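Novice: With the sequence up front, the predicted model follows.
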Amino acid sequence: MSRDPTARLFVAIRFPEALRARILEAAAPLRHLDAIRWVRVEQVHITLRFMASVAETRVPPLAAALAGAVADAPAFALELGGAGAFPSPRRARVVWIGVARTPALERLHAAVETALAEQGIGPEGRPFHPHVTLGRVRGRRPPAGLEGAIGSVEFAARHHVEQVSLMRSRLGPAGAVHSEVAACPLAPPHADP
């Protein structure tokens, strides 16, 4: 008996090309460091939720549930700034640009989680820490000088979030390739009943 084909999916806040380029330019003080695999400009986003293998047959109802869940969430402004590393600069695995936690972002994340739960996708199992990944550390140790270099990253930007995207991630020899499965618009910012 053959298994249904699956998809690697995630829900993201995407940015326009100019902002993606600015975010990667902000990483210039880090670029001299060895052992970091930098993301490509087309991959710059905020992940609201990553899902492992999801059966292809579940993708359309999942997209519809997600669109319905975020349709009542008003569009909002998001503040980006600062840099850091997970779990810490001394044990870094991921280098990132920060995202300010706001009630609007928290409500949007909760709406996404609710939609996924209603579709039978359980919780991710780790707290939500909004960020924009710049790169991932290769190997077991972060490069020397990472902590100081992170402190020299100067970046601040504002982005108006008007939709979230259900994204597909296909792994290949050159890394992951992301494509949008569905765009899910948020409500206008001042849409009071």
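Specialist: Cool, got the structure.
Novice: contacting residues for the residue nearest the centre of the chain?
Specialist: Geometric centre of the chain, nearest residue: residue 47, 2.0 Å, by C-alpha atoms, centre = their mean. Contacts here follow C-beta atoms under 8 Å, 6 or more residues apart in numbering; on that basis residue 47 touches 10-12, 133. Where you see a C-beta, it was placed from the backbone N, CA and C, and this is true even at glycine.
Novice: got it, and residue 149?
Specialist: Listed by C-beta under 8 Å, 6+ apart, the contact set of residue 149 reads 29-30, 32-33.
Novice: Which of the helices or strands spans it?
Specialist: When elements are assigned from DSSP states H and E, residue 149 belongs to helix 146-151.
Novice: Indicate each strand paired with the next helix or strand along the chain from that helix and its parallel or antiparallel sense.
Specialist: Heading C-terminal from helix 146-151, the first helix or strand you meet, by DSSP H and E, is strand 156-161. Paired strands of strand 156-161, with direction, are strand 76-86 (antiparallel) (DSSP bridges).
Novice: And stretch 13-27, what's buried?
Specialist: Buried residues in stretch 13-27, counted by 16 or more other C-beta atoms under 10 Å: 13-15, 19-20, 22-24, 26-27.
Novice: Repeat that for stretch 111-123.
Specialist: 111-113, 115-116, 119, 121.
Novice: In helices only, show me these.
Specialist: 111-113, 115-116 (DSSP state H).
Novice: Which pair of those spans the longest distance?
Specialist: In those, the most distant members under the criterion C-beta to C-beta are 111 and 116, with 9.9 Å between them.
Novice: What degree of burial does residue 98 show, as a neighbour count?
Specialist: 18 (other C-beta atoms under 10 Å).
Novice: go on, residue 150?
Specialist: 22.
Novice: ditto for residue 10
Specialist: 18.
Novice: ok, it touching residue 46?
Specialist: No. Counting by C-beta atoms under 8 Å, residue 10 stays clear of residue 46, with 10.3 Å between them.
Novice: The ones in helices among the buried residues of stretch 111-123 into TSV, with extra columns for pLDDT?
Specialist: As requested, those are exported to TSV (pLDDT from 0 to 100):
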residue	pLDDT
111	96
112	96
113	95
115	95
116	95
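Novice: could those residues be laid out in a markdown table, adding distance to residue 60?
Specialist: Converted to a markdown table, those look like this (distance: C-beta to C-beta, whole Å):
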| residue | distance to residue 60 |
| --- | --- |
| 111 | 19 |
| 112 | 17 |
| 113 | 20 |
| 115 | 14 |
| 116 | 15 |
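Novice: Show the contacting residues for the nearest residue to residue 150 once chain neighbours are set aside.
Specialist: In space, residue 150 comes closest to residue 83 once its chain neighbours are excluded; the distance is 4.9 Å by C-beta to C-beta, 6 or more residues apart in numbering. By C-beta under 8 Å, 6+ apart, the residues touching residue 83 are 26-27, 30, 95-98, 134, 150-151, 153, 155.
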